[in-house]
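In: whatever this is, show me its structure:
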Amino acid sequence: MKSKLTLLASMILPLILLASCQPELALHPWYNEKELVLEPGFAGEWLSLDSDGKPDTDSEFTIAQDIAMGYTINLHDSAAPDLKYSWEAHLFRANGQLFVDGVQQQTKYKGQDTVELFVPGHFVGRVKLDGDKLSVKCLDDEWTAKALNANPALIKHEMIDKDSAVLLAPTAELREFALAHASDEKAFSTNFDFVRKR
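Out: As a prediction, this is how the structure comes out:
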């Protein structure tokens with residue numbers, strides 16, 4: 001019974017965090033090694049902003065530069081203190097634009113994995129870092145599904161249903177796809193804003 005409850009909890013919180021929109025996921029990374037960067041000020045403790053632009057003090061994101069040319073991101077949520085959500089993130093610059101490739105790690109409950117079967121997926125987002133303000137605009141799953149339904153040859157993918165897709169293309173094609181649509185606000189419409197914790 002406990003495993004079912006922890007699995008349910010591990011599914012609900014990310015849905016709340018993502019609200020009605022979610023990032024598009026790909027099987028492979030969106031970056032190549034030569035484009036990786038470490039950005040001063042990206043690491044630190046961050047609070048997400050709600051729809052009114054106010055910090056959510058119950059959810060704290062800690063970003064640490066503790067892997068080679070990359071970061072780990074941990075979410076500490078006061079509503080679920082025994083659950084650990086973490087991501088591995090890599091920043092990269094392409095055509096002068098700063099992007100993040102993020103992949104969720106296994107969710108843990110009291111140190112134990114919440115599910116046995118887990119396939120990590122990579123999301124991509126445009127990053128704007130301005131002092132104590134951080135904005136990440138991710139490629140949107142709904143926009144991508146509509147684009148692929150209209151043109152299935154746009155990029156290699158597998159439709160989960162008509163409203164969701166997993167991108168299967170290799171990194172070079174993913175990068176090209178991201179750059180082709182990077183300036184489209186509708187494509188990169190899954191928005192997350194943060195302020196540095198004081």
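
In: tell me which helix or strand comes right after the helix or strand bottoming out on mean pLDDT in the chain.
Out: Sorting the helices and strands of the chain by mean pLDDT, DSSP states H and E puts helix 2-18 at the bottom, at a mean of 40. Toward the C-terminal end, the helix or strand that comes next after helix 2-18 (DSSP states H and E) is strand 25-26.

In: how far does that next one sit from the chain's center?
Out: In terms of CA atoms, centre = their mean, to the nearest Å, the centre of strand 25-26 is found 10 Å from the chain centre.

In: what does stretch 62-77 give?
Out: Centroid displacement of stretch 62-77 relative to its chain, using CA atoms, centre = their mean, is 13 Å.

In: what does that stretch rub up against?
Out: Residues outside stretch 62-77 that contact it (CB atoms under 8 Å, 6 or more residues apart in numbering) are 13, 17, 33, 36-38, 42-46, 58-61, 83-91, 102. (Each C-beta comes from the backbone N, C-alpha and C, glycine too.)

In: before we move on, what about stretch 148-156?
Out: Outside stretch 148-156, the residues that touch it by CB under 8 Å, 6+ apart are 147, 157, 159, 162, 165, 167-169, 173-174, 177.

In: mind checking which of the residues you listed are buried?
Out: 147, 157, 165, 167, 169, 174, 177 (16 or more other CB atoms under 10 Å).

In: the helices in this structure, which residues?
Out: Under the criterion DSSP state H, the chain carries helices at the ranges 2-18, 141-150, 171-181.

In: in the last one, what's buried?
Out: Read it as helix 171-181. 171, 174-175, 177-178, 181.

In: go on, the second one?
Out: In terms of neighbour count (16+ other CB under 10 Å), helix 141-150 has its buried residues at 141-145, 147-148.

In: quick check, Phe92 in contact with Glu33.
Out: No - Phe92 is beyond contact range of Glu33, at 9.0 Å (criterion: CB atoms under 8 Å).

In: next, count neighbours for Ser186.
Out: Ser isn't right for residue 186; it's Lys. By other CB atoms under 10 Å, the residues close to Lys186 number 11.

In: and it, how far from Ala26?
Out: Remark: distance between Lys186 and Ala26 (CB to CB, to the nearest Å) = 19 Å.

In: what do you get for Phe118?
Out: Using CB to CB, Phe118 is found at 16 Å from Ala26.

In: and the two? which has more neighbours close in?
Out: More neighbours surround Ala26 than the other of Phe118 and Ala26, with 29 against 11 (other CB under 10 Å).

In: what bridges to the closest residue to that one other than its chain neighbours?
Out: Nearest residue to Ala26, sequence neighbours excluded (CB to CB, 6 or more residues apart in numbering): Leu167, at 3.9 Å. Bridge pairing for Leu167 (DSSP bridges) gives the partners Ala26, His157.
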